[in-house]
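Asks: Sequence and predicted model, in that order:
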Amino acid sequence: MIATLPPGVPDLRARPSWRSKKSRLMTLLMAAAVVAVAIPLVAVLYSVIEHGAAIVFRAFPDFFTKEIPVVSRRAGPGMGPAILGTLLVTGTATLIAVPLGVLGAVFLHEYGGHGAFARVVRFMATVMTGVPSIVMGLFVYLTWTLHFGYSAFGGALALACLMLPVVIGSTEQMLRLVPAHMREAAYALGATKSRTILTVVLPAALPGIVSGSLLAVARAAGETAPLLFAVGAATAYNPHLFTEANTALSVQIFGNATSTAFVAAHDRAWGAALTLVMLTFLLTLTARVFTARFALKK
Amino acid sequence: MIDLRGKVQHADTAFRWIALAAAATVLVVLGLIAFTMTDRSLPVLERMGLRFFTSSRWSAPEGEFGAAAFIFGTLYTATIAVVIAVPVSLGVALFITQAAPPWLKKPMVYMIDLLAVVPSVVFGLWGAFVLSQHFGLGRSFLTAGIILAIMIIPIITSLAREVIETTPNTDKEAALALGATRWEMIRAAVLPHSKGGIVGAVMLGLGRAMGETIAAALVIGSALGQISANPFKPGNSMPAVIANEWGEADELHKSALIALAVTLFVITIVVNLAATAIVQRSMRRSRGG
């Protein structure tokens, strides 16, 4: 308390100088940045839930099961084919990209090391992560769709190309965390290299690989641009992987938001958005649980 | 005794080759992309020559394809996005690493991750129906820039956070011991240490913003041939043009769109490679190598 100082004694305690004020101001600005990020996140989620829940749950569970109205201005539910399409395309992409990516990472980390080939592949994988998704879509259109027509499989190819470098990257990081003594123990027991990798290294890294792959899947499930070129458009269920045009949630959101001025179509876009957001959040959450529960720690 | 060695060895070599083949798919895919796309874009490049990059007259019926306005739009929106995203991302990264109470760190990291998971088309939908209509922004360069900024904030933030966290405690404590305030400590110890990594993170964000298609296509306004520095004007960007025009395109028009994709591909790759090089160099230096 300043009042209790004896008379004649100078007050040497630091008063808030401009330096500490500046520091506090900057801290406040940093906190403001956090708020600035939270606002759009909350706003987007709020809009998606506000507009989406109205249509999704008014006609529950019709929205998830009924077919999409052929005439887009007609009100009413129906995203069933898009949900099936998203699951089909993303699932197939996962089946292509994850085994390839994991094997590729195994080569890079267990065999290639610092060799020239491994370094080139690693470099090119970095390049591939930067390829815009629309370029990937056009590429698949030119090499696949042009010859075999629209199908869910074309979309899966495009998404697999996008996922591959991500899976390679995350898997290689996980393999790096497997302690060398585990490999050495397996070799000491007489196991061959491939056996060591398959029965010791990969199982140890599995949770990390799963969560890394799930994050890649979640990103891929939300991709739109590559699907526009490869999957085509459909309003009815199409469970076939290789034949006939298909559709997906992301494509439906884009289509319903751009092509028409009808409220019913916009409603469906919001409903599809809510469904897609729930799907991607679910995948991410599962990935988090895997990381938290089972993954190797650094 | 049965001799199993031969068989085992075969299996071992086979596995090695399978893994090698899997790794090689990366090279195959990239090679195919480069080859097919360039091959397909030749018709329009032969017709237009360098005017493809310098003219901003884009008219499919006349067979005129000048992409200058779209290249400008891509660079312009990406720049707006970076200008908005960088201070915000840096602020968040610094707050999480230097200022936030420990219990708040994890929720904030989760929040950033959550932002990264929201599909781009959902941001586009929100931008088209909420941001552009209720905030008087319309569909314009600025709206696209804001949406792209929201989308690249998670990347820049998480990379910047990783780099910042490698700042040695001794550096920070030395600054504090000399009487530095928190902000002075950040400027004297944290920022100089993480400068390279932050620059790299920003460039990765820039690359992502340029390649982002759907969100931009929904909010940029699809104006033809506009080169205007006015951020409130509608414009167009390379990926948005490809997504919007592909459906009605004839052969030459498709070739022009593919040429756009090749241009976009080259620009993003140059930016990404530069970013990766910078990040890796600064990471290596910060590990003392």
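Replies: Structure received.

Asks: The stretch 1-150 of chain B: strands as residue ranges?
Replies: B:58-59, B:64-65 (DSSP state E, counting those that start in this stretch).

Asks: How about the stretch 51-200 of chain A?
Replies: Applying DSSP E, counting those that start in this stretch to the stretch 51-200 of chain A gives no strands.

Asks: quick revisit: which one of the strands of the stretch 1-150 of chain B lies nearest to B:A243?
Replies: Closest approach to B:A243 among those is made by strand B:58-59 (15.0 Å; C-beta to C-beta). Using the backbone N, CA and C atoms, a C-beta is placed for each residue, glycine as well.

Asks: and the closest one, which strands flank it?
Replies: According to DSSP bridges, strand B:58-59 has the following sheet partners: strand B:64-65 (antiparallel).

Asks: who's in contact with the strand it pairs with?
Replies: B:44, B:47-48, B:52, B:55, B:57-59, B:252-253, B:256, B:259 (C-beta atoms under 8 Å, 6 or more residues apart in numbering or on different chains).

Asks: will you turn these into JSON lines that also has pLDDT and distance to A:L157?
Replies: Output for those, formatted as JSON lines (pLDDT from 0 to 100; distance: C-beta to C-beta, whole Å):
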{"residue": "B:V44", "pLDDT": "88", "distance to A:L157": "25"}
{"residue": "B:R47", "pLDDT": "86", "distance to A:L157": "30"}
{"residue": "B:M48", "pLDDT": "86", "distance to A:L157": "31"}
{"residue": "B:F52", "pLDDT": "87", "distance to A:L157": "29"}
{"residue": "B:S55", "pLDDT": "84", "distance to A:L157": "35"}
{"residue": "B:R57", "pLDDT": "85", "distance to A:L157": "35"}
{"residue": "B:W58", "pLDDT": "85", "distance to A:L157": "30"}
{"residue": "B:S59", "pLDDT": "84", "distance to A:L157": "33"}
{"residue": "B:L252", "pLDDT": "88", "distance to A:L157": "26"}
{"residue": "B:H253", "pLDDT": "90", "distance to A:L157": "24"}
{"residue": "B:A256", "pLDDT": "91", "distance to A:L157": "24"}
{"residue": "B:A259", "pLDDT": "93", "distance to A:L157": "22"}
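
Asks: Most neighbours among the residues you listed, which one is it?
Replies: When neighbours are counted by other C-beta atoms under 10 Å in any protein chain shown, B:A256 leads the contacts of strand B:64-65 with 28 neighbours.

Asks: which of the residues in the strand or helix carrying it are buried?
Replies: Element membership of B:A256, judged by DSSP states H and E, is helix B:251-286. Buried residues in helix B:251-286, defined by neighbour count with 16 or more other C-beta atoms under 10 Å in any protein chain shown: B:253-265, B:267-269, B:271-276, B:278-279, B:282-283, B:286.

Asks: what helix or strand is the residue nearest to A:M174 when sequence neighbours are not counted on?
Replies: Distances taken as C-beta to C-beta, 6 or more residues apart in numbering or on different chains put A:G208 closest to A:M174, at 3.6 Å, once the chain neighbours are dropped. A:G208 belongs to helix A:202-221 when assigned by DSSP H and E.

Asks: centre of the chain versus that helix, how much separation?
Replies: 10 Å (C-alpha atoms, centre = their mean, to the nearest Å).

Asks: just for the stretch 1-150 of chain A, where's the confidence low?
Replies: A:1-5, A:12-15, A:72-73 (pLDDT under 70).
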